[in-house]
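Peer 1: with the input below, show me the fold.
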Amino acid sequence: MFRFEVLAKDILIYGILHVSSRIFTFFLIPIYARIFQPAEFALYDFALTLLNIFVLIAPLEIHSGFARHFYEAEEKGNLKQLLGTTFVFSSLSSTVFILLVWFLFIKYFNGYKGIDSSLFLPIALSVLFFPLYNSITIFLRFQRRLLYYGILSIGDMVVSAGLSLFFIFFLKTGVRGIFFGLLISKIIFVIIGFILIKQFFSLSFSLDQCKQMLYYSIPLVPSVISGWLQNQANRFVLISTVTLSDMGIFSLGARIASIMTLIQMVFRAAWLPHSVKLMEMEDSDKVYGKVLKYYLLGMGSLAIIIILFAKELVFLFGGEKYKGASLILSLLAIGYLYLGSLNIIGVGNHIVKKTYYITIGSFTGGIVNVFFLYLTVYHLGIISAAISFVLGSITTFIIVLLSAQKNRFIPYNYFHLILVSFILIFTNSIVYMFDKFDSNCFAFIIFKIIFFSVLFIILVNFLCEKHEKTKLKAIFCEVSNKVFFHQI
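Peer 2: Below is the predicted model of the structure:
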């Protein structure tokens with residue numbers, strides 16, 4: 001029988017550690033946004049976008065192949081060779097990739113809209129160390145060495161942030177300092193990682209093992225690219241069509257909205273092993289339906305909060321100079337809700353091992369996103385990027401849902417999906433109308449809190465069964481009593 005308590009425990013431990021560095025980076029956004037002008041923040045966001053796609057493509061996802069063959073190699077006594085092969089190949093492929101990108105792409109950015117190509121030097125060097133770091137953390141996680149895994153994850157998070165702030169505040173390096181901090185931290189913790197796993201490591205290379213890993217990992221690359229296309233390719237359109245200041249306003253809205261992605265990553269890191277186990281259980285269909293219901297309740301509530309308090313969040317994170325980002329943030333929250341559900345509503349594709357439908361859905365949604373943005377950006381400006389993202393996300397959602405249901409029907413409650421979607425659109429419309437007025441007063445904040453409470457009660461009433469409502473009420477009363485007790 002499936003136990004939601006075990007899933008919750010794994011979410012708290014492995015899920016949070018898995019994205020700890022990203023969570024810490026999220027909380028650095030207010031510092032960066034207030035230090036930098038919107039144009040500088042746009043450069044930071046664009047450079048981070050490049051780093052993300054380079055790290056994903058350069059090693060050809062071989063660390064996924066390493067994870068796939070880990071236990072098999074361990075049983076055969078070939079784990080040292082598998083790890084060594086992963087390190088050798090990822091180092092060589094990343095080096096070749098960066099050299100090609102540097103001479104064919106990055107150097108031509110020098111001087112474009114005031115961009116100094118030296119900004120990309122620490123990014124290029126970081127690409128050499130990220131795949132090694134990822135392979136080490138995968139090894140520690142599969143070995144269930146939680147202490148070492150935590151040392152690397154939390155240590156890298158703290159050191160990279162500290163170094164980045166040191167470069168910015170004391171050495172006055174500007175945006176480059178952030179990426180020099182990331183680079184130095186990765187070098188430090190790759191070395192520490194080598195020390196931690198030295199007894200399992202040998203600098204050896206097996207052509208057969210490399211072929212096996214690449215046979216598994218290379219087909220994943222299009223899926224990775226399609227996900228990036230959906231989420232971040234709009235930066236390339238924006239940097240060539242709008243001013244850096246306008247792009248910086250969009251970038252802040254996108255970075256704040258990424259809190260939804262972080263929470264979804266935490267959930268996904270813990271959910272995927274359980275979803276695989278469920279495939280063999282008789283009552284799996286009911287559990288998948290419940291998981292989607294809980295997802296819609298939790299992430300739907302978070303999306304409502306973001307939409308209602310978008311104006312306040314933008315002011316908190318960036319100040320008055322980013323005030324145009326609130327509508328961006330509100331729309332992106334809707335898109336992220338749809339994208340985050342793919343691992344639940346697309347489980348039918350996983351069951352029948354036809355995951356290429358997810359790639360097709362992501363790629364199609366990405367194309368819709370970029371194409372609509374190109375058509376409308378000159379007329380609507382940066383708001384078109386948010387609208388395009390929502391349209392692309394819905395496209396991906398529909399394709400993945402229909403294909404998964406065709407491959408393996410699971411009785412999801414579609415009324416729940418329609419209800420949450422309607423509430424988000426309705427809330428967005430209400431906030432958009434009120435934000436035309438000077439609505440920074442305390443009374444309006446109280447109105448938003450009451451409005452959210454009403455919407456949350458509606459969600460609970462329609463999504464939850466009687467015993468679930470009773471449990472939620474008990475949790476709420478317990479938390480309220482603790483808060484009241486501490487206040488007294």
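Peer 1: can you name the residues that contact the residue lying closest to Asn369 once chain neighbours are set aside?
Peer 2: Residue nearest to Asn369 in three dimensions, not counting chain neighbours: Gly392, with 3.0 Å by Cβ to Cβ, 6 or more residues apart in numbering. In short, each C-beta sits where N, CA and C put it, glycine included. By Cβ atoms under 8 Å, 6 or more residues apart in numbering, the contact set of Gly392 is Gln230, Gly335, Gly365, Gly366, Ile367, Val368, Asn369, Val370, Phe372.
Peer 1: for Gly392, helix, strand, or coil?
Peer 2: Under the three-state scheme (DSSP: H, G, I helix; E, B strand; the rest coil), Gly392 adopts helix.
Peer 1: from Lys353, how far off is it?
Peer 2: 26 Å (Cβ to Cβ, to the nearest Å).
Peer 1: same check on Tyr295?
Peer 2: 23 Å.
Peer 1: who has more neighbours out of those two?
Peer 2: It is Tyr295, of Tyr295 and Lys353, that has more neighbours when counted by other Cβ atoms under 10 Å, with 21 against 8.
Peer 1: counting by contacts, list what whatever helix or strand that one lives in packs against.
Peer 2: Assigned by DSSP states H and E, Tyr295 belongs to helix 284-308. Here helix 284-308 touches helix 244-278, helix 325-340, helix 342-345, helix 414-434, helix 442-463, going by 3 or more Cβ pairs under 8 Å, 6 or more residues apart in numbering; DSSP states H and E.
Peer 1: quick one: mean pLDDT over the longest one.
Peer 2: Mean per-residue pLDDT for helix 244-278: 81.
Peer 1: how far off helix 325-340 does that helix point, in degrees?
Peer 2: 20 degrees (axes from the mean of the first three to the mean of the last three Cα atoms, to 10 degrees).
Peer 1: what residues sit buried inside helix 244-278?
Peer 2: Within helix 244-278, the residues scored as buried using 16 or more other Cβ atoms under 10 Å are 244-271, 274-275, 278.
Peer 1: run through the stretch 1-150 of the chain and note the low-pLDDT ranges.
Peer 2: Applying pLDDT under 70 to the stretch 1-150 of the chain flags the ranges 1-21, 107-114.
Peer 1: which residues of it fall in helices?
Peer 2: 4-10, 16-18, 20-35, 38-57, 62-76, 79-104, 121-142, 146-169 (DSSP state H, counting those that start in this stretch).
Peer 1: closest to Tyr216 out of these?
Peer 2: For Tyr216, the closest of the helices of the stretch 1-150 of the chain is helix 62-76, at 4.4 Å, according to Cβ to Cβ.
Peer 1: any idea how far Ser301 is from the nearest residue to Arg176 once chain neighbours are set aside?
Peer 2: Nearest non-adjacent residue to Arg176, counting by Cβ to Cβ, 6+ apart: Leu119, 5.3 Å away. Computed as Cβ to Cβ, the Leu119 to Ser301 distance reads 39 Å.
Peer 1: which one's more surrounded, the two?
Peer 2: The residue with more neighbours, out of Leu119 and Ser301, is Leu119; 22 against 17, by other Cβ under 10 Å.
Peer 1: quick one: contacts for that one?
Peer 2: By Cβ under 8 Å, 6+ apart, the neighbours of Leu119 are Leu43, Ala47, Val175, Arg176, Phe179.
Peer 1: likewise Gly177?
Peer 2: Ser164, Phe166, Phe167, Ile168, Leu171.
Peer 1: ok, of the residues you listed, which one's closest to Ile358?
Peer 2: Ser164 (34.3 Å).
Peer 1: which residues touch the closest one?
Peer 2: Leu28, Gly177, Ile178, Phe179, Phe180, Gly181, Leu182.
Peer 1: looking at those, which one is closest to Phe447?
Peer 2: Leu28 (31.6 Å).
Peer 1: separation between the closest residue to the closest one other than its chain neighbours and Leu50?
Peer 2: Of all residues not flanking Leu28 in the chain, Ala161 sits nearest, at 5.9 Å (Cβ to Cβ, 6+ apart). Taking Cβ to Cβ as the measure, Ala161 falls 20 Å from Leu50.
Peer 1: care to break this protein down by domain?
Peer 2: If you go by automatic domain parsing, the domain ranges for the chain are 1-14+243-469, 36-232.
Peer 1: which one of these lies closest to Arg22?
Peer 2: Going by Cβ to Cβ, the one of the domains of the chain nearest Arg22 is domain 1-14+243-469, 5.6 Å.
Peer 1: distance from the chain centre to that closest one, please.
Peer 2: Taking Cα atoms, centre = their mean, to the nearest Å, one finds domain 1-14+243-469 lying 12 Å from the centre of the chain it belongs to.
Peer 1: returning to that earlier point: widest-spaced pair of the contacts of Gly392?
Peer 2: So, the contacts of Gly392 by Cβ to Cβ: farthest apart are Gly335 and Ile367, at 15.2 Å.
Peer 1: Ala42 and Val242 touch, don't they?
Peer 2: No: Ala42 is beyond contact range of Val242, at 9.2 Å (criterion: Cβ atoms under 8 Å).
Peer 1: who's more crowded, these two?
Peer 2: Using other Cβ under 10 Å, the more surrounded residue of Ala42 and Val242 is Ala42, with 27 against 20.
Peer 1: buried residues, stretch 413-430. List them.
Peer 2: Quick answer for stretch 413-430 (16+ other Cβ under 10 Å): His416, Leu417, Leu419, Val420, Ser421, Ile423, Leu424, Thr427, Asn428.
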